[in-house]
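What shape does this take:
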Amino acid sequence: MVDCSNDGTRPQGMRVAAAAVRRGGLVVLPTDSVYGVGADAFSPEAVASLLAAKGRGRDMPPPVLVPDRRTVDGLAVDLPDDARSLVDAFWPGVLTVVCWAQPSLSWDLGDTGGTVAVRMPDDPFALELLAATGPLAVSSANISGQPAATTAAAAREQLGDSVEVYLEAGERSSPEPSTIVDATREPLRVLRQGALSLDRLREIVPGIIGVDGDAPPEPAPGEPAPGEKVSLEKTPPRAPDATEPDMTAPGATGAGATDTTEPDADQHESSEPVSLDKSRAPSASPQQSPPRQQPVEPQHDPEQPGA
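Predicted coordinates:
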């Protein structure tokens, strides 16, 4: 066990933990909720060891924690603009986004149905390790069904020698897990309500559906729909065309045209995905995802460390 709260031993602890991940070992790390047990997301053997250590099966695949917003573009395809807006607003933080996984990646997180749950944690120790290792498959550091560990010492009592390195950084005990949003279909839908409220989400994406199918309120007559952008530009008046009917005259008929503009696309960072092993990650050229069946509700790990 390495005490990472001590500035003198923290760099060594991070190096030892990163080396263990590269060897396919498991590490216990602090997150912004509770302690998690992590493995190289691109090593099927390491992920299998993680599930075995927890006593879990492949039916509840772990989420993937990332060090940077841009990393999601190396892991996911067809991410809707609304999901990007949520990522920009709430990462790092208590938002997990379920996306369609890049089909070209060599990984096996379990029975994912072609999806991956991704989160950027808001914890300096976790982000430092993730910057050194790249994406990690992370679940709560406990035996399935047992209380989540709030310290590395508590995690060791449950997981023992199945974990190679324990990083202790003080107590971590968030009262609520992260909020999980399904971004595999539109409109977006909340799969698990957590620390991030539906009202906060709707400040960014007004049309998001709540966990119980709670749709946003219908707009009043004449009001724009949730999320609809309305052009405020006014067209200067022009002289009437003598060949057109006078639309102000009594009994006049005709259809008036409404000038609409496409909403501007949100601007996002376009640099290369970071913290990915380029031998395993897709190239920068866009990937064409294979045809998909009607999506089913993605599975997620209920014991994620805030993810």
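
What are the boundaries of the strands in the chain?
Listed from the start of the chain, the chain has strands (DSSP state E) covering 2-3, 27-30, 35-40, 64-65, 76-77, 95-101, 115-119, 136-140, 165-168, 179-182, 189-192.

Run through the residues that contact the residue nearest to Arg58 when sequence neighbours are not counted.
Counting by Cβ to Cβ, 6 or more residues apart in numbering, Gly110 is the residue found nearest to Arg58 once chain neighbours are left out, at 3.9 Å. In short, each C-beta sits where N, CA and C put it, glycine included. Residues counted as contacts of Gly110 (Cβ atoms under 8 Å, 6 or more residues apart in numbering) are Val47, Leu51, Gly57, Arg58, Asp59, Met60, Pro61, Pro62.

Quick one: residues contacting Ala89.
Ile204.

What distance do you get for it to Val64?
Distance, Ala89 to Val64, using Cβ to Cβ, to the nearest Å: 20 Å.

If you count contacts, what does the longest helix anywhere in the chain end up packed against?
Using DSSP state H to define each element, the chain has its longest helix at helix 10-22. Contacts defined by 3 or more Cβ pairs under 8 Å, 6 or more residues apart in numbering; DSSP states H and E place helix 10-22 against strand 2-3, strand 27-30, strand 35-40, helix 124-133, strand 165-168.

10 Å - rerun?
For helix 10-22, the packing partners by 3 or more Cβ pairs under 10 Å, 6 or more residues apart in numbering; DSSP states H and E come out as strand 2-3, strand 27-30, strand 35-40, helix 44-54, helix 124-133, strand 165-168.

Identify each buried residue in that helix, please.
Using 16 or more other Cβ atoms under 10 Å as the burial criterion, the residues of helix 10-22 that qualify are Arg10, Gly13, Met14, Ala17, Ala18, Ala20, Val21.

need the residues you listed in CSV with pLDDT, can you?
CSV is the format used below for those (pLDDT from 0 to 100):
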residue, pLDDT
Arg10, 91
Gly13, 93
Met14, 96
Ala17, 97
Ala18, 98
Ala20, 98
Val21, 98
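
one step back: the strands of the chain into CSV, with extra columns for mean neighbour count, mean pLDDT and distance to Arg202?
Formatted as CSV, the strands of the chain follow (neighbours: other Cβ atoms under 10 Å; pLDDT from 0 to 100; distance: least, Cβ to Cβ, whole Å):
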stretch, mean neighbour count, mean pLDDT, distance to Arg202
strand 2-3, 18, 90, 42
strand 27-30, 29, 97, 31
strand 35-40, 30, 98, 29
strand 64-65, 30, 98, 26
strand 76-77, 20, 96, 23
strand 95-101, 26, 97, 13
strand 115-119, 26, 97, 20
strand 136-140, 28, 97, 28
strand 165-168, 24, 97, 36
strand 179-182, 26, 97, 12
strand 189-192, 19, 97, 10
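
Need these in a markdown table (columns: distance to Val205).
Shown next, in a markdown table, are the strands of the chain (distance: least, Cβ to Cβ, whole Å):
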| stretch | distance to Val205 |
| --- | --- |
| strand 2-3 | 40 |
| strand 27-30 | 30 |
| strand 35-40 | 27 |
| strand 64-65 | 22 |
| strand 76-77 | 17 |
| strand 95-101 | 11 |
| strand 115-119 | 17 |
| strand 136-140 | 26 |
| strand 165-168 | 35 |
| strand 179-182 | 9 |
| strand 189-192 | 10 |
